[in-house]
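Engineer: Give me a 3D structure for the following:
(chains A, B, C and D)
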2 protein chains.
Amino acid sequence: MTQIKESSTRNFNKGLSITACPVTYAINKIGGHWKPIILYHLMSGPKRYSELKRAIPAVTEKMLIQHLKQLQDDNLVIRKAENVVPPFVTYYLSEAGEDLTVVLNAMADWGLRDSKRYMKSA
Amino acid sequence: MTQIKESSTRNFNKGLSITACPVTYAINKIGGHWKPIILYHLMSGPKRYSELKRAIPAVTEKMLIQHLKQLQDDNLVIRKAENVVPPFVTYYLSEAGEDLTVVLNAMADWGLRDSKRYMKSA
DNA sequence: CAGAATCCTATACGATACTG
DNA sequence: CAGTATCGTATAGGATTCTG
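Structural biologist: Just a heads-up that it's a prediction; the model follows:
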């Protein structure tokens, strides 16, 4: 598995900055390239693995699973698996994940506003 | 210069997700590991290059300059250089950068709240 | 269906040395 | 002081194949 290692100066520095700044703490939890999108899709309710995949066609399985796992590790999403064949797995936001809605919306607002800033020529 | 290239599937996908989600648009502008910290320090007023360096000891010159440049390209910070010897360069937030304050604060709030969530044992 | 495993590349990042 | 240049590494991310 190509996961995050805990060695290297890089992670050391990362650690430093986390403690220094709550913003960085947040970035480190939702900063992955696909995490916000996943979270975004989860904001509209629980989704099955395949639904997420279809909702975000650009993401590879690896990335999806990987980020989903990180989000679980960070206690932002919850995975619920029925033990049936074929498998039925749903992902949904935890409390902490729900709380993120505010942040995501703030970011979305800003993103929208910012992109408009460079469009309105008239 | 080790800058961002515009080729590769990766960037293509990145592009896709940007258009799909304003949150991702935002992440792509402030998602760099040092950007939020830089922005954060700039929130308290204009800073000289050396001040930033001192304020964020963990960052290397390369990273600082690089992110500073990206932030300029993204119109989040403004660079103002006096043409004197020794050089006197100041960085400060643009309008768009100031707008980010809300987002950064939302993230900071969440980060603080989230980290507390895992501390309060009593 | 949901996911694990493997292989590979790009690039983000760090360290260090040099310059106007 | 405020940067640039060069080099090396790690890891994030992609493509593909396989499985309970």
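
Engineer: Kindly provide the distance from the residue most central in space within chain A to B:Gly97.
Structural biologist: The residue lying closest to the centre of chain A (CA atoms, centre = their mean) is A:Lys35, at 2.1 Å. Separation of A:Lys35 from B:Gly97 (CB to CB, to the nearest Å): 23 Å. For glycine as for every other residue, the C-beta is placed from the backbone atoms N, C-alpha and C.

Engineer: before we move on, the earlier item: wait, what's in contact with the residue nearest to the centre of chain A?
Structural biologist: Contact analysis of A:Lys35 by CB atoms under 8 Å, 6 or more residues apart in numbering or on different chains lists A:29, A:67, A:70-71.

Engineer: repeat for A:Ser94
Structural biologist: By CB under 8 Å, 6+ apart, the contact list for A:Ser94 reads A:75-78.

Engineer: Flag every buried residue along the longest helix anywhere in chain A.
Structural biologist: When chain A is parsed with DSSP state H, its longest helix is helix A:95-117. Residues of helix A:95-117 classed as buried: A:96-97, A:99-100, A:103-111, A:114 (neighbour count, 16 or more other CB atoms under 10 Å in any protein chain shown).

Engineer: Off-centre distance for it?
Structural biologist: 13 Å (CA atoms, centre = their mean, to the nearest Å).

Engineer: which helices and strands does it pack with?
Structural biologist: Here helix A:95-117 touches helix A:22-30, helix A:35-43, helix B:22-30, helix B:95-117, going by 3 or more CB pairs under 8 Å, 6 or more residues apart in numbering or on different chains; DSSP states H and E.

Engineer: so which of those gets nearest DNA strand D?
Structural biologist: Each of the helices and strands packed on helix A:95-117 has some distance to DNA strand D by CB to the nearest atom of the strand; the shortest is helix A:35-43, at 8.4 Å.

Engineer: wait, does the following helix or strand past that closest one contact DNA strand D?
Structural biologist: Helices and strands here follow DSSP states H and E; after helix A:35-43, the next one along the chain is strand A:47-48. No: Strand A:47-48 lies out of reach of DNA strand D by CB under 7 Å from any atom of the strand, never closer than 12.9 Å.

Engineer: circling back to that earlier point, in a markdown table, list the buried residues of helix A:95-117 along with distance to DNA strand D.
Structural biologist: Output for the buried residues of helix A:95-117, formatted as a markdown table (distance: CB to the nearest atom of the strand, whole Å):
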| residue | distance to DNA strand D |
| --- | --- |
| A:Ala96 | 20 |
| A:Gly97 | 19 |
| A:Asp99 | 23 |
| A:Leu100 | 18 |
| A:Val103 | 19 |
| A:Leu104 | 17 |
| A:Asn105 | 22 |
| A:Ala106 | 21 |
| A:Met107 | 17 |
| A:Ala108 | 19 |
| A:Asp109 | 23 |
| A:Trp110 | 20 |
| A:Gly111 | 18 |
| A:Asp114 | 21 |
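
Engineer: Name the residues of stretch A:45-58 that come out as buried.
Structural biologist: So for stretch A:45-58, counting by 16+ other CB under 10 Å, buried means A:47, A:49, A:52, A:55-56, A:58.

Engineer: out of those residues, who's nearest A:Val23?
Structural biologist: For the buried residues of stretch A:45-58, the minimum distance to A:Val23 (CB to CB) is 25.4 Å, reached by A:Ile56.
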